[in-house]
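In: I would like to see how this sequence folds:
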Amino acid sequence: MQIDWGAATEEGGFCPMKRISVLGVELRDYPVKESMKLILQYLNSGNLDTVAFLTTGLLLEAKDNEELKNCIEMMDMTVPVTMDILNAAGVNSRSREKEIENNMFLKELLRRLAKDKKKIFLLGETENDLIHMREALLQFDDKLTFFGSYAYENLTGEEDAIINEINNAIPDVVISTLSASKQVHIISENKMKVNARVWISLTDVSMKASGSGELKRGKLHTIIDKTIFRRMVTKYENSREGRDK
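Out: Model (predicted):
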């Protein structure tokens, strides 16, 4: 498998980013240090940049869903929540494994948002989802600043109502746990309309703070068993090799 091991930055430097492919979905993987540099750029840009946390389940869904696949590939940053995803692409890095297993990027991201008092808008499926999301984030850092929220279950008309709610709040960051299908549609149709700097997609991801203050993976991470994911990756790679012969 061919892996692109780096990319030029806007400043002319070198970013140790890897372009990888998992189940036919093209991804870009960054070390935490580089990811945070990009986040700072995103927060100070005039455009909406998108960040997607990826689970094995989401990638399995994207394998057979062209619209979801395209949306993931168009994200400005993709963040694997399990090392299984990088292993499937042939990437074996102890440093990245440590970063992923300890959720270092999410921890650093939330700390930065709290420290800089960035305004956060929460978007979820239900009012109950919003309550749990807010509680989970505050468990990690009680200095996070929330500036509005919206539950998709309250939508009675067009999705423009959601965009209006977001824009009225004028947030710096949108954190969304909407289902993949809803999120794909909203982002693809309304990215240019959203008055925020960063959209963070946590579809199918559940995070909770441990007693030590560190974030650990929630139970939704294990819904798609590792063995099933690996089996599907092997099946996909074998079928691709068969087509190439």
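In: show me what the nearest residue to Ile162 once chain neighbours are set aside is bridged to.
Out: Excluding the flanking residues, the one nearest Ile162 by CB to CB, 6 or more residues apart in numbering is Tyr150, at 5.7 Å. In short, each C-beta sits where N, CA and C put it, glycine included. For Tyr150, the beta-bridge assignment (DSSP bridges) gives partners Leu123.
In: what sits against Tyr150?
Out: The neighbourhood of Tyr150, defined by CB atoms under 8 Å, 6 or more residues apart in numbering, consists of 121-124, 130, 162, 165-166.
In: and the longest helix for the protein?
Out: Using DSSP state H to assign secondary structure, the helix with the most residues in the chain is helix 226-244.
In: which strands and helices lie in contact with it?
Out: Helices and strands in packing contact with helix 226-244 are listed as helix 56-63, helix 83-88; criterion 3 or more CB pairs under 8 Å, 6 or more residues apart in numbering; DSSP states H and E.
In: which parts of it are buried?
Out: Neighbour-count burial for helix 226-244, with 16 or more other CB atoms under 10 Å as criterion, is recorded at 229, 232-233, 236.
In: pLDDT and distance to Ala89 added to those, as CSV?
Out: Below are the buried residues of helix 226-244 laid out as CSV (pLDDT from 0 to 100; distance: CB to CB, whole Å):
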residue, pLDDT, distance to Ala89
Phe229, 84, 12
Met232, 88, 14
Val233, 89, 9
Tyr236, 85, 12
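In: check those and tell me the two furthest apart.
Out: Largest separation among these by CB to CB: Phe229 and Tyr236, giving 10.6 Å.
In: tell me what the strand or helix carrying Glu34 is packed against?
Out: Here Glu34, judged by DSSP states H and E, is contained in helix 32-43. With contacts defined as 3+ CB pairs under 8 Å, 6+ apart, helix 32-43 has these neighbours: strand 49-54, strand 77-80, helix 104-115, strand 198-201.
In: got the angle between the first one and helix 32-43?
Out: Translated: strand 49-54. Strand 49-54 and helix 32-43 are oriented at 140 degrees to each other (axes from the mean of the first three to the mean of the last three CA atoms, to 10 degrees).
In: for the third one, same thing?
Out: If you take the same axes, to 10 degrees, helix 104-115 sits at 40 degrees to helix 32-43.
In: now helix 104-115, how far from the centre of its chain.
Out: Put simply, helix 104-115 sits 14 Å off its chain's centre (CA atoms, centre = their mean, to the nearest Å).
In: hmm, who's touching that helix?
Out: Under the criterion CB under 8 Å, 6+ apart, external residues in contact with helix 104-115 comprise 32, 35-36, 39-40, 53, 79, 98-99, 118, 120, 137, 140-141, 143-145, 172-173, 200, 207, 214-215.
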